[in-house]
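Chemist: the following comprises the amino acid sequence and a computationally predicted model.
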Amino acid sequence: MKKWGTLIIALLMVTSLLAACGQNKNNNGDAPESGAANNGNAGKKVVTLGTSADFAPYEFHIKNEKGEDEIVGFDIEIAKEIAKDLGAELQIKDLQFSSLMNELNSGRIDFAISGLSPTPDRQKEVDMSKIYFTATQAVVTRAGEEGSYKTIDTLVGKKIGVQKGSIQEEIAQTIQDAKITSLAKTQDIMMQLKTGRVDVAIIEGPVAEAYVSNIDGLTIAEAQPEAEDDGYIVAVKKGNDELLEKVNATLTRLMEDGSMEEYIQAASELAVK
């Protein structure tokens with residue numbers, strides 16, 4: 001009996017040892033890992049993008065061929081390429097624009113792409129990629145009223161709708177006596193404009209074109225706001241140098257091979273369907 005008991009104990013010890021070895025192997029990277037990769041480890045199997053998906057043609061919702069909700073757009077294609085170059089699966093979190101930097105610094109997302117301009121305040125919060133696209137700004141108003149807004153000076157004292165935390169909000173703040181309505185979603189700003197609660201909305205050019213094409217009764221005025229920080233960047237957490245380097249490498253590739261222009265053209269066409 002003692003011999004049998006000793007044999008059974010030995011077999012149990014061997015089994016436990018083999019199980020432990022299997023677990024260690026998985027932890028070394030054979031099994032998919034999830035969660036944010038804010039330490040810059042490109043071996044992570046999931047990388048999380050933060051975006052505010054109401055900014056067509058950059059990031060917006062559609063019903064795909066299967067009838068499912070899908071986030072698409074120019075920025076989303078860039079994010080997919082970043083994830084591919086990292087050897088990772090892309091996870092997308094649709095967030096309020098004004099919360100993106102907090103989500104990034106808390107580690108709940110790995111990088112943010114959402115029409116982000118390299119403002120001085122933002123530079124203090126996060127690390128930024130090279131500029132991958134330079135946009136123009138537009139003034140949207142109701143059809144028939146565009147003649148009233150031929151220059152920026154004509155916006156003095158007007159009710160202006162902008163997205164909260166955006167470069168357009170900063171532009172509006174420079175306009176004398178402007179009555180500013182800052183909202184989280186661009187589509188809500190358009191509804192404020194449509195119903196007469198604001199006189200105009202300041203929006204990035206291609207985004208304005210997409211909304212005007214899809215909402216009857218709105219048009220783009222001649223007035224064209226200017227901003228020092230019109231370029232768009234990818235944001236990563238402060239100190240995440242390894243991830244930033246890989247993001248810049250992807251952006252360089254996409255700009256050099258012409259993919260950026262293809263993405264914006266395809267997304268603009270999709271946004272007006």
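Modeler: Cool, got the structure. Numbering: from 1, shown residues only.
Chemist: just after the helix-or-strand element of the chain with minimal mean pLDDT, pick out the following helix or strand.
Modeler: Every helix and strand of the chain was ranked by mean pLDDT, DSSP states H and E. The lowest is helix 2-25, at a mean of 41. Remark: after helix 2-25, the chain's next helix or strand is strand 46-51, criterion DSSP states H and E.
Chemist: what lines up beside that following strand in the sheet?
Modeler: strand 89-94 (parallel), strand 111-116 (parallel) (DSSP bridges).
Chemist: mind checking the pLDDT average for it?
Modeler: For strand 46-51, mean pLDDT is 98.
Chemist: go on, stretch 75-82?
Modeler: The model assigns stretch 75-82 a mean pLDDT of 98.
Chemist: identify the residues contacting it?
Modeler: Contacts with stretch 75-82, where a contact means C-beta atoms under 8 Å, 6 or more residues apart in numbering, come from 47, 49, 51, 55, 58-59, 90, 92, 111, 113-115, 132, 234, 246-247, 250-251, 253-254, 259-260, 263, 266-267. All C-beta spots, glycine's among them, are computed from the backbone N, C-alpha and C.
Chemist: do the same with stretch 262-271
Modeler: Contact with stretch 262-271 is made by 56-58, 60, 62, 72-74, 77-78, 133, 206, 209-210, 213-214, 254, as judged by C-beta under 8 Å, 6+ apart.
Chemist: returning to that earlier point: of the strands paired with strand 46-51, which stretch is the most buried?
Modeler: Of all the strands paired with strand 46-51, strand 111-116 has the most neighbours on average by mean count of other C-beta atoms under 10 Å, namely a mean of 26.
Chemist: that older thread, just the buried members of the contacts of stretch 262-271?
Modeler: 56-58, 60, 62, 72-74, 77-78, 133, 206, 209-210, 254 (16 or more other C-beta atoms under 10 Å).
Chemist: and those residues, which is closest to Gly157?
Modeler: Glu209 (26.7 Å; C-beta to C-beta).
Chemist: which pLDDT value does the model give the closest one?
Modeler: As predicted, Glu209 sits at a pLDDT of 87.
Chemist: what do you get for Gly35?
Modeler: In this prediction Gly35 is given a pLDDT of 47.
Chemist: now the strands: where do they sit in the chain?
Modeler: 46-51, 54-55, 59-63, 69-72, 89-94, 111-116, 127-128, 133-134, 137-142, 159-163, 179-183, 200-204, 218-220, 231-236 (DSSP state E).
Chemist: show residues contacting the second one.
Modeler: Counting by C-beta under 8 Å, 6+ apart, the neighbours of strand 54-55 from elsewhere in the structure are Phe60, His61, Gly73, Asp75, Phe97, Ser114, Gly115, Lys185, Thr186, Gln187, Glu204, Val207.
Chemist: now do the fourth one
Modeler: Outside strand 69-72, the residues within contact range by C-beta under 8 Å, 6+ apart are Thr51, Ala53, Glu59, Phe60, His61, Ile62, Lys63, Asn64, Ile92, Asp94, Ala267, Leu270.
Chemist: give the contact list for the first one.
Modeler: Think Thr51. Per C-beta under 8 Å, 6+ apart, neighbours of Thr51: 59, 71, 75-76, 79, 92-95, 100, 112-114.
Chemist: thinking again about what came up before, for the contacts of strand 54-55, which one is nearest Val139?
Modeler: Glu204 (11.4 Å).
Chemist: excluding residues flanking it in the chain, which one is nearest that closest one?
Modeler: Ranked by C-beta to C-beta, 6 or more residues apart in numbering and with sequence neighbours excluded, the top spatial neighbour of Glu204 is Ala135, at 4.9 Å.
Chemist: just checking, that neighbour touches Pro206?
Modeler: Yes: using C-beta atoms under 8 Å, Ala135 is in contact with Pro206, at 6.8 Å.
Chemist: what about the closest residue to Tyr211 other than its chain neighbours, neighbour count?
Modeler: Excluding the flanking residues, the one nearest Tyr211 by C-beta to C-beta, 6+ apart is Met190, at 5.4 Å. Look at Met190: counted by other C-beta atoms under 10 Å, it has 23 neighbours.
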